[in-house]
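> Next comes the sequence, and after it the predicted model I'd like to discuss.
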Amino acid sequence: MPKIAFTGAGSMVFATKLVGDVLSFDELADSTVSLMDIDEHRLKQTTDIAEAMVENEGLDATVESTTDRLEALDDADYVVNMINVGGTEPFENEIRIPEKYGVEQAIGDTIGPGGIFRGLRTIPALTDIASDMEEVCPDALLLNYTNPMAVLCQTMFESTDIETVGLCHSVPHTAEAIEDYADVPEGELEYWVAGINHVAWFLEAEHDGESVYPALDEAYDDPETYKRDTVRFEMMKHFGYFPTESSHHMSEYVPYFRTDEGTIEEMTGTDYAERMPTATYLEGWQARSEDRDAPELGVDLAEVGVERSEEYASRLIHAIETDTPRRLNLNVSNETSAIESLPDDACVEVPVLVDGTGLHPCSVGELPKSVRTFPQQHVAVQQLAVAGALEHDREKVHRAVKQDPLTAAQLTLPEIHEMTEELLVANEEYLPELN
């Protein structure tokens, strides 16, 4: 009976999905689920749903709920992290200040000014969690869902002995999209994917032993299909491989799509603001946040049941607990040189074999020359951001932002410096050691 602690459990929709995933496996249905959040109202919402799952399905699981992190972590076997540090104000700063300078981020949670500063304000909280784990559950596996994935995981690799793995749903989501575009039956796509989180590539994509890339080329030529995923189809056309993250995300990781409104309108045949709006995730997050803060839960607890989603966490835990071999695309240290074209101290997203003996990253070798520079550039930014945070080095933070591809495509170096200073001042409450 493993104990699984969820930090940041007030993220109600995501937390309850992951709890339901765990309870959907018979072998995990008697687990202890320990829910922790500093927001008592949101924590209670998640707890009510988790308890309803157990009751409605007649399971033997134990649900614990606490605002005390040490209590939640005590003797845990797995810790699932999904914290959000700071709420709305810093998130808005990370989007709106760059927007004022002309750097228009759609999501801003992975790289770019938004991703870098989100990482900087999250790192102290995450290292505190690691410190607590070292005290009360040093052998537990930390499953991180919080973005920026690579920055946070690399921080853990460098600053703690806690075993850490990063989980993201972009690979299975992209596989579903490719199946749709290439007319492949659901669940039958076979693939080999590698890179870094949100900048990885379907190096192989096959059905019945045949590549589906010719079908994707045909999909590119179909206007109706093309306009559903413009940026990813353009990246595939020009660089040969389909990327793992959505067009909206991908548009802010490269310098080609968010600096010239006319180019976007010409390419998509739609209005720029409609196709690539700025702050999409921020505005959606604010709307969801209001719903979660509502006095009423808005869920019929009598109807709550257990369903298994596409998320990896439960599959990973089940594989380890039952010695059931699985291959999952996970974010791990490149210390085994799984990707030879990236530094050994980078966080990479690669196929990983998971069983009762743990996690075993697969060897990918060199990334194709046509796409390897994209993750290489982002790894350099991520490493500077991590060093800036851990060494309290303001200059390294500046250098990280200056090397971001979208920012560099839009601003001069003095402009980037000024923008970064403004971000540091606006977020000084969360970055005391950088001010």
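Structure's in. What do you need? Numbering: from 1, shown residues only.

> ranges for the helices of the stretch 101-250 of the chain?
Along the stretch 101-250 of the chain, the segments classed as helices by DSSP state H, counting those that start in this stretch run 112-136, 149-159, 170-182, 213-221, 223-226, 230-239, 247-250.

> Now residue 337. Nearest residue, chain neighbours left out?
In this structure, residue 337 finds its nearest non-sequential neighbour in residue 344, 5.9 Å apart by C-beta to C-beta, 6 or more residues apart in numbering. Backbone N, C-alpha and C define where each C-beta goes, glycine included.

> next one: residue 419
With C-beta to C-beta, 6+ apart, the residue lying closest to residue 419 is residue 101, at 4.6 Å.

> which ones are touching that neighbour?
Residue 101 makes contact with 410, 411, 415, 418, 419, according to C-beta atoms under 8 Å, 6 or more residues apart in numbering.

> Assumed the residue nearest to residue 337 was part of a helix.
No. Applying DSSP: H, G, I helix; E, B strand; the rest coil, one finds residue 344 to be coil, outside a helix.

> Test my guess that residue 245 contacts residue 198.
Yes. Using C-beta atoms under 8 Å, residue 245 is in contact with residue 198, at 4.3 Å.

> Name the helix or strand for residue 6, please.
Using DSSP states H and E, residue 6 maps to strand 3-7.

> strand partners of that strand, parallel vs antiparallel please.
strand 32-36 (parallel), strand 78-81 (parallel) (DSSP bridges).

> now those in JSON lines, with mean pLDDT, distance to residue 205 and mean neighbour count?
Listed next are the strands paired with strand 3-7 as JSON lines, based on pLDDT from 0 to 100; distance: least, C-beta to C-beta, whole Å; neighbours: other C-beta atoms under 10 Å:
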{"stretch": "strand 32-36", "mean pLDDT": "97", "distance to residue 205": "36", "mean neighbour count": "24"}
{"stretch": "strand 78-81", "mean pLDDT": "98", "distance to residue 205": "29", "mean neighbour count": "25"}
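
> what would those strands look like in TSV with distance to residue 315?
Formatted as TSV, those follow (distance: least, C-beta to C-beta, whole Å):
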stretch	distance to residue 315
strand 32-36	17
strand 78-81	12
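
> Nearest to residue 325 among the ones you listed would be which one?
With C-beta to C-beta as the criterion, residue 325 lies closest to strand 78-81 of the strands paired with strand 3-7, at 18.4 Å.

> Name the residues that touch the closest one?
Residues from elsewhere that reach strand 78-81 (C-beta under 8 Å, 6+ apart): 2-8, 18, 73, 126, 129, 133, 137, 140-146, 313, 317.

> Using neighbour counts, trim those to the buried set.
Neighbour-count burial within the contacts of strand 78-81 applies to 2-8, 18, 73, 126, 129, 133, 137, 140-146, 313, 317; the criterion is 16 or more other C-beta atoms under 10 Å.

> Just read off the phi/psi values of the residue of the chain most remote from its centre.
In the chain, the residue that sits farthest from the middle, by C-alpha atoms, centre = their mean, is residue 58; the gap is 32.7 Å. Backbone torsions of residue 58, given as degrees, to the nearest 10, read phi 60, psi 40.

> Distance-wise, check it relative to residue 52.
12 Å (C-beta to C-beta, to the nearest Å).

> Please apply the same query to residue 16.
Applying C-beta to C-beta, the value for residue 16 to residue 52 is 9 Å.

> What distance do you get for residue 200 to residue 401?
Between residue 200 and residue 401 the computed distance is 23 Å (C-beta to C-beta).

> cool, and residue 178?
According to C-beta to C-beta, residue 178 stands 33 Å off from residue 401.

> next one: residue 164
On the measure of C-beta to C-beta, residue 164 and residue 401 end up 25 Å apart.

> Over to residue 139?
Taking C-beta to C-beta, one finds residue 139 at 37 Å from residue 401.

> Comparing the two, which shows the higher neighbour count?
residue 401 (26 against 10; other C-beta atoms under 10 Å).

> Which parts of the stretch 201-350 of the chain are strands?
210-211, 242-243, 326-333, 347-355 (DSSP state E, counting those that start in this stretch).

> who does the second one pair up with?
Sheet pairing here is set by DSSP bridges, and for strand 242-243 it gives strand 199-207 (antiparallel).

> What residues sit buried inside the partner strand?
Burial within strand 199-207, assessed by neighbour count using 16+ other C-beta under 10 Å, is assigned to 199, 200, 201, 202, 203, 205, 206, 207.

> Among those, which one sits closest to residue 116?
Closest to residue 116 out of the buried residues of strand 199-207 is residue 199 (14.8 Å), distances taken as C-beta to C-beta.

> where does that closest one land on pLDDT?
If you check residue 199, the pLDDT there is 97.
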